[in-house]
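> Provided below are the primary sequence and the corresponding predicted coordinates.
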Amino acid sequence: MKREEKARRIEGILDELYPDVDIPLDHRDAFTLLIAVLLSAQCTDVRVNQVTPKLFAHAATPRAMMKLPVETIQDIIRPCGLSPAKSRAIASLSRDIVEKHGGVVPQTFEELEALAGVGHKTASVVMVQAFGKPAFPVDTHIHRLARRWGLSRGHSVEQTERDLKKLFPRERWARVHLQMIYFGRQHCPARGHDLSRCPICSWAASKAQIERERRRS
């Protein structure tokens, strides 16, 4: 089956399973979303959603956040892990948003990715979810699913992003990105997964992949 045919069939399955999707990170606006996505690195969305209310109670705007001591930020976000680096990044990007962008989160990839702690995936999430700009955020989980389903042979998330953008309509990128995240969590884990019983892997993955995963599990 060609990649394009797989993509259309996968779209249908994802639409049936997840007709209504929303980003799992609680937020109020572009700034709180940016902070939540930054905190989600190597941390579950559930844990982030437990931590951000306390952080935003102290500071929910760039101007307020830049005034908050880094030590205070670090203490609050400690449960999310990597708190020293994340707290410094939050303080730095808040200051830059105020001093370089008038207190408003910038709306270009170049400006977002110039902020401390903000990589391409984080910028993509903010662009598509906060500003409605076309973007297809690809993290390691989506990268894994795309390879498992034969939608990409990319050895990097950057190549996988390019492949997925070609396969799915631009207006569907935000939706498919979230649907793949939910599907991966609920039906298609990285380990101990029986591909032959999966709603998508059972037909999209190669026989060699299915057998290889069977031996591993």
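It's in. Numbering: from 1, shown residues only.
> give me the residues contacting the longest helix anywhere in the chain.
If you go by DSSP state H, the chain has its longest helix at helix 83-101. For helix 83-101, the surrounding residues in contact (C-beta atoms under 8 Å, 6 or more residues apart in numbering) are 31, 34-35, 38-39, 41, 59, 62-63, 65-66, 68, 70-71, 73-75, 77, 80, 103-106, 111, 114-118. C-beta here means a position set from N, CA and C on the backbone, and glycine is covered the same way.
> list the buried residues in it.
Applying a neighbour-count criterion of 16 or more other C-beta atoms under 10 Å, one finds 83, 86-87, 89-91, 93-98 buried in helix 83-101.
> let's have the residues you listed in TSV, adding distance to residue 126.
Below are these laid out as TSV (distance: C-beta to C-beta, whole Å):
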residue	distance to residue 126
83	21
86	16
87	19
89	14
90	14
91	18
93	11
94	14
95	18
96	14
97	12
98	17
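> right, and the helix or strand after the longest helix of the chain?
helix 109-113 (DSSP states H and E).
> what packs against the very next helix or strand once past that following helix?
Note on helix 109-113: by DSSP H and E, the next helix or strand toward the C-terminus is helix 120-130. Applying 3 or more C-beta pairs under 8 Å, 6 or more residues apart in numbering; DSSP states H and E, one finds that helix 120-130 contacts helix 30-39, helix 109-113, helix 157-167, helix 173-186.
> name the SS class of residue 24, please.
coil (DSSP: H, G, I helix; E, B strand; the rest coil).
> with residue 144 instead?
Three-state assignment for residue 144 (three-state DSSP): helix.
> residues in contact with it?
Per C-beta under 8 Å, 6+ apart, neighbours of residue 144: 184, 190.
> residue 71 now?
The neighbours of residue 71, taking C-beta under 8 Å, 6+ apart as the test, are residue 87.
> what mean pLDDT does the helix or strand it falls within have?
Taking DSSP H and E as the criterion, residue 71 maps to helix 70-77. The average pLDDT within helix 70-77 is 97.
> list the buried residues of that helix.
Under 16+ other C-beta under 10 Å, the buried positions of helix 70-77 are 73-74, 76-77.
> just flag the most distant two among these.
Farthest-apart pair in those is 74 and 76; separation 7.4 Å (C-beta to C-beta).
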